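Enquirer: Okay, predicted coordinates and the sequence, questions at the end:
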Amino acid sequence: MFRTTNVLGASRNLRPCIHPSSCSFFHSLPRNVSRIGRFTSEKSFRNILPTFRDQVARSTGVESFSSRFPRPTIRNQVLFFVGGSLLAYSIAASQTEIDTKYWSKQLVSVSHRWTLRPPTTEEMRKAQYLELGKYLQTQVNQLKDKLAEWPLALRNLILSVYVQAAQSYLDAPEGRRLCWLICGVNTAIYLVWKIPRLAPFMNRSFTHHPLSGRSYTLLTSMFSHQSFIHLLANSMALASFGSAATHYFTLEQLKHDEHQQEATAKWHFLAFFISAGLFSGVVSHVAASKIMFPRLVNQYTASAVIKNSPAASAISSTVVKTATAAPREILPSLGASGAIYAAVTVSALAFPDAQVSLVFPSFISLPIQAGVGGLVMLDMIGIIRGWRMFDHYAHLGGAAFGAIYYMYGPQWWAFMRGGYQQLHSPTS
């Protein structure tokens with residue numbers, strides 16, 4: 001459940017931008033100062049010798065870092081988030097309406113009692129469950145035919161494993177099945193990371209770097225994981241809390257009238273997942289562009305000034321060591337933890353009495369709201385302390401999106417569905 005910063009793929013294009021150009025204190029002295037000093041007065045000698053203020057002024061003549069490296073923008077990324085979210089919810093509303101109409105017609109064709117009233121959400125989902133069960137049973141029968149000539153022991157073993165997997169898939173909630181699919185996509189992208197020849201492409205297209213100027217990587221980096229531990233942690237968290245968030249969306253949908261019945265909540269959760277990931281990426285991008293980048297510029301500028309001014313560096317060795325220390329870099333980030341944080345926050349607010357268990361040790365459980373509060377506090381401490389392993393701004397952005405969506409998300413989804421129904425109604 002962590003969105004990490006990609007240290008290995010970090011940009012190294014910041015340090016070469018500073019090329020000290022000012023002369024040292026002793027080289028700036030006139031060569032004939034000692035000879036002139038024999039024939040001039042003390043007053044004229046002071047006029048020839050550069051003062052401390054002159055040396056500082058010369059050293060500050062170094063070209064500014066910001067003039068050599070333009071400030072990263074946030075406009076395109078914000079517009080990408082807004083446009084991408086609207087597109088995701090529009091497609092989700094459309095697909096939900098299509099699925100609902102399809103299953104409603106299927107039930108009407110089975111029994112005439114649904115001609116008197118439209119099928120409810122629960123009835124349509126039961127029909128989907130039965131249809132999925134029939135499909136999996138057909139797959140089992142086809143597998144039996146293919147393994148008819150295999151040894152009996154091996155055939156029974158394969159069939160037993162397949163039946164158990166199919167039954168687990170059938171019994172899993174709809175939201176968990178969708179999260180398994182997302183985890184499969186994440187795993188496929190993780191395997192692509194392991195191809196050395198594709199490493200430059202993956203670093204360019206599946207990590208989001210605030211200094212790159214690219215916007216589409218806000219989306220692609222959501223499904224990108226470079227380490228197995230990162231992938232495993234996010235997959236486990238997504239399968240658990242994604243299913244809970246989908247169940248909450250279903251419960252909220254049941255509060256609406258019959259014109260808002262829906263056969264599935266998977267499209268709603270998918271739009272929520274994409275929007276939350278984009279929002280958390282934008283928060284991280286804005287923090288890097290408006291907070292971290294100016295600090296980095298100031299560090300480089302101060303470092304260049306002090307390194308090129310022996311007079312200024314003589315003030316205090318402690319100040320010199322602090323100002324000339326290697327500035328930290330802005331690292332690219334990747335991972336789905338921003339979207340997962342949003343699902344965790346929605347689950348904690350929707351089911352405040354739920355308990356969560358730690359991965360290690362597994363026998364310790366705590367209230368879900370306490371766990372989420374602890375994670376948020378940990379990310380806040382990480383920002384204050386400057387920890388760089390995880391993208392703490394993205395985590396907090398995801399948590400904020402989840403809290404906002406808990407308050408206004410159901411109304412927003414009802415608005416999108418209602419707008420689609422009005423747009424495609426026969427009278428429109």
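Expert: All right, it came through fine.
Enquirer: CA atoms for contacts and neighbours, from now on please.
Expert: Will do.
Enquirer: got the residue ranges for the helices in the stretch 251-400 of the chain?
Expert: 266-287, 293-307, 310-313, 317-323, 337-350, 368-385, 392-423 (DSSP state H, counting those that start in this stretch).
Enquirer: and the second one, average pLDDT?
Expert: Taken as a whole, helix 293-307 has an average pLDDT of 69.
Enquirer: go on, the longest one?
Expert: Helix 392-423 shows an average pLDDT of 92 in the prediction.
Enquirer: how far off helix 337-350 does it point, in degrees?
Expert: If you take axes from the mean of the first three to the mean of the last three C-alpha atoms, to 10 degrees, helix 392-423 sits at 70 degrees to helix 337-350.
Enquirer: Please identify the buried residues of helix 392-423?
Expert: Residues of helix 392-423 classed as buried by neighbour count (16 or more other C-alpha atoms under 10 Å): 392-403, 405-406, 409-410, 413-414, 416-417, 420-421.
Enquirer: in the stretch 1-150 of the chain, which ranges drop under the pLDDT threshold?
Expert: 1-70 (pLDDT under 70).
Enquirer: S224 and S240: what is the separation?
Expert: 19 Å (C-alpha to C-alpha, to the nearest Å).
Enquirer: Same drill for the two, tell me which one is more crowded.
Expert: Neighbour count, other C-alpha atoms under 10 Å: between S224 and S240, S224 has more, with 29 against 18.
Enquirer: Which residue ranges of the stretch 1-150 of the chain form strands?
Expert: 4-5 (DSSP state E, counting those that start in this stretch).
Enquirer: show me where it has helices.
Expert: Counting by DSSP H, counting those that start in this stretch, the helices of the stretch 1-150 of the chain are 33-37, 42-48, 52-59, 65-68, 75-110, 121-146.
Enquirer: out of the ones you listed, which comes closest to T187?
Expert: For those, distance to T187 was read as C-alpha to C-alpha. The smallest value, 22.4 Å, belongs to helix 75-110.
Enquirer: hmm, back to that, name the stretch among the helices of the stretch 251-400 of the chain that sits most buried.
Expert: Greatest average neighbour count among these goes to helix 337-350 (a mean of 29), per mean count of other C-alpha atoms under 10 Å.
Enquirer: Now tell me what touches it from outside.
Expert: The contact list for helix 337-350 (C-alpha atoms under 8 Å, 6 or more residues apart in numbering) reads 1-3, 222, 234, 237-238, 241-242, 244-245, 248, 273-277, 280-281, 354, 368-369, 372, 394-403, 405-406.
Enquirer: With stretch 153-171 instead?
Expert: Y129, L132, G133, L136, V140, L143, K144, L147, A148, R177.
Enquirer: Pull the most distant pair out of those.
Expert: Checking the contacts of stretch 153-171 with C-alpha to C-alpha, the most distant pair is A148 and R177, at 30.4 Å.
Enquirer: Counting neighbours, go ahead and name the busier of these two.
Expert: A direct count of neighbours by other C-alpha under 10 Å for A148 and R177 places R177 higher, at 19 against 10.
Enquirer: Who are the packing partners of the helix or strand where the more buried one lies?
Expert: Element membership for R177 (DSSP states H and E) is helix 174-193. Of the remaining helices and strands, those touching helix 174-193 by 3 or more C-alpha pairs under 8 Å, 6 or more residues apart in numbering; DSSP states H and E are helix 228-253, helix 266-287.
Enquirer: Which strands and helices lie in contact with the longest one?
Expert: This means helix 228-253. Helices and strands touching helix 228-253, by 3+ C-alpha pairs under 8 Å, 6+ apart, are helix 174-193, helix 266-287, helix 337-350, helix 392-423.
Enquirer: quick revisit: just the buried subset of the contacts of stretch 153-171, please.
Expert: Y129, G133, L136, V140, K144, R177.
Enquirer: before we move on, back to that, right, so of the helices of the stretch 1-150 of the chain, which gets closest to M380?
Expert: helix 75-110 (23.2 Å).
Enquirer: so what's A92 up against?
Expert: W267, H268, L270, A271.
Enquirer: Tell me, how many residues neighbour R71?
Expert: Around R71 there are 15 other residues, counting by other C-alpha under 10 Å.
Enquirer: okay but it is in contact with S289, surely?
Expert: Yes: the criterion here is C-alpha atoms under 8 Å, and R71 meets it with S289 at 7.3 Å.
Enquirer: Can you name the residues that contact the nearest residue to S227 once chain neighbours are set aside?
Expert: Distances taken as C-alpha to C-alpha, 6 or more residues apart in numbering put Y190 closest to S227, at 7.6 Å, once the chain neighbours are dropped. Residues counted as contacts of Y190 (C-alpha under 8 Å, 6+ apart) are S224, H225, Q226, S227, F228, L231.
Enquirer: Now the buried members of these.
Expert: S224, H225, Q226, L231.
Enquirer: can I assume the last one is in contact with A188?
Expert: Right, L231. No: using C-alpha under 8 Å, L231 is not in contact with A188, being 10.8 Å away.
Enquirer: which residues does the nearest residue to A287 once chain neighbours are set aside contact?
Expert: Spatial nearest neighbour of A287, chain neighbours left out: Y393 (7.1 Å); criterion: C-alpha to C-alpha, 6+ apart. The neighbours of Y393, taking C-alpha under 8 Å, 6+ apart as the test, are S280, V283, S284, A287, D379, I383.
Enquirer: can you redo those residues as JSON lines with distance to Y216 and pLDDT?
Expert: Formatted as JSON lines, the contacts of Y393 follow (distance: C-alpha to C-alpha, whole Å; pLDDT from 0 to 100):
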{"residue": "S280", "distance to Y216": "14", "pLDDT": "95"}
{"residue": "V283", "distance to Y216": "15", "pLDDT": "95"}
{"residue": "S284", "distance to Y216": "15", "pLDDT": "92"}
{"residue": "A287", "distance to Y216": "18", "pLDDT": "90"}
{"residue": "D379", "distance to Y216": "26", "pLDDT": "89"}
{"residue": "I383", "distance to Y216": "26", "pLDDT": "87"}
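Enquirer: so which of these would you say is closest to K101?
Expert: Looking across the contacts of Y393 and measuring by C-alpha to C-alpha, the closest to K101 is S280, at 34.0 Å.
Enquirer: can you pull the contacts of the closest one?
Expert: Residues in contact with S280 (C-alpha under 8 Å, 6+ apart) are G338, A339, Y393, A394, H395, L396, G397, G398, F401.
Enquirer: ok, now with 10 Å
Expert: Counting by C-alpha atoms under 10 Å, 6 or more residues apart in numbering, S280 touches 3, 81, 218, 222, 286, 336-339, 341-342, 391-401.
Enquirer: What strand or helix carries Y162?
Expert: According to DSSP H and E, Y162 maps onto helix 152-171.
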